[in-house]
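> Could you work out the structure for the sequence below:
(one chain, ligands or ions: 2)
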Amino acid sequence: MLATVDRALRSMLAPARASRPVPGPAASPLTEAERREAAALMRVNHAGEMAAQGLYHGQALLTRTPQLRSQLEDAAREETDHLAWCETRLRELADRPSLLTPVWYVGSFTIGAIAGLAGDRIGLGFVSETERQVEAHLNSHLTRLPSGDQRSRAILTQMRDDEIEHGAKARASGGIELPAPIRAVMRATARVMTSTASRI
Ligand SMILES: [Fe+2]
Ligand SMILES: [Fe+2]
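Ligands and ions are numbered 1, 2, ... in the order given. Purely as a prediction, here's the structure:
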């Protein structure tokens, strides 16, 4: 329990440490309008990656199968890279993360814990659906990024590719397709987070 609290505090308060270098070319100059547009998108992505930390940590805590737990921990480590990359990019864009960062973590941790209690196949189904929605979200951000921002584009592209792999692994491990109403609730929850994080 202490280890969980320690990890939660570290995720929310300490700078994330990436195990892979930030993808893409060095940042090139942007106009003020482009900078602001890119920063708003990257703030949303930072919030999403903070939520991913919470989801994976919560689910790993309450999953009963050791093998599934280690699969979740592996994915969580890649999500830490994503978080660190978004943090770095936000700094480069002279912006800050969402002020509601702890809310995204704790809320997602709770949802992840419920998924962990629901059993392996549903839990993996939850991972699969989450990653599918994140993939769609990242694809839409890739079309919205200012065209000159190759650095953010490279980061989001690598993130998207990792999320595709996380989802595929969850399905290969036996994740089931969640019922449509649950998928809709997940989409609505994500929408609240993304629209709030772009402003606060
Ligand atoms: Fe991610
Ligand atoms: Fe992921």
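> measure the residue most central in space within the chain to residue 67 for me?
Closest to where the C-alpha atoms of the chain average out (CA atoms, centre = their mean) is residue 49, at 2.5 Å. Going from residue 49 to residue 67 by CB to CB, to the nearest Å gives 25 Å. Heads up, the C-betas are built off the backbone N, CA and C, glycines and all.
> Residue 58 and residue 147, how far apart?
38 Å.
> and what of residue 195?
Taken as CB to CB, the span from residue 195 to residue 147 is 24 Å.
> Quick check: next helix or strand after the helix or strand hosting residue 69?
Element membership of residue 69, judged by DSSP states H and E, is helix 66-92. Next in sequence after helix 66-92, counting helices and strands by DSSP H and E, comes helix 101-117.
> Run the chain-centre distance for that next one.
Mean-position distance between helix 101-117 and its chain equals 12 Å (CA atoms, centre = their mean, to the nearest Å).
> Indicate whether it makes contact with ligand 1.
No. Using CB under 5 Å from the ion, helix 101-117 stays clear of ligand 1, coming no nearer than 12.0 Å.
> hmm, who's touching that helix?
8, 11-12, 46-48, 50-63, 98, 122-123, 126-127, 189, 193, 197 (CB atoms under 8 Å, 6 or more residues apart in numbering).
> Please repeat the previous calculation with a cut-off of 7 Å.
The contact list for helix 101-117 (CB atoms under 7 Å, 6 or more residues apart in numbering) reads 8, 11-12, 47, 50-51, 53-59, 61-63, 98, 122-123, 126, 193.
> count of residues packed around the residue of the chain found nearest ligand 1?
Residue nearest to ligand 1 within the chain (CB to the ion): residue 82, separated by 3.7 Å. Around residue 82 sit 28 other residues, with neighbours defined as other CB atoms under 10 Å.
> nearest residue to it other than its sequence neighbours?
Spatial nearest neighbour of residue 82, chain neighbours left out: residue 49 (4.5 Å); criterion: CB to CB, 6 or more residues apart in numbering.
> quick one: low-confidence ranges for this protein?
For the chain, the stretches flagged by pLDDT under 70 are 13.
> now with 50?
When residues are selected by pLDDT under 50, none of them lie in the chain.
> which residue lies farthest from the center of it?
residue 31 (27.5 Å).
> Quick check on it: phi, psi?
Per-residue torsions, residue 31: phi -70, psi 170 (degrees, to the nearest 10).
> Same question for residue 18.
Torsion angles, degrees, to the nearest 10, at residue 18: phi -90, psi 150.
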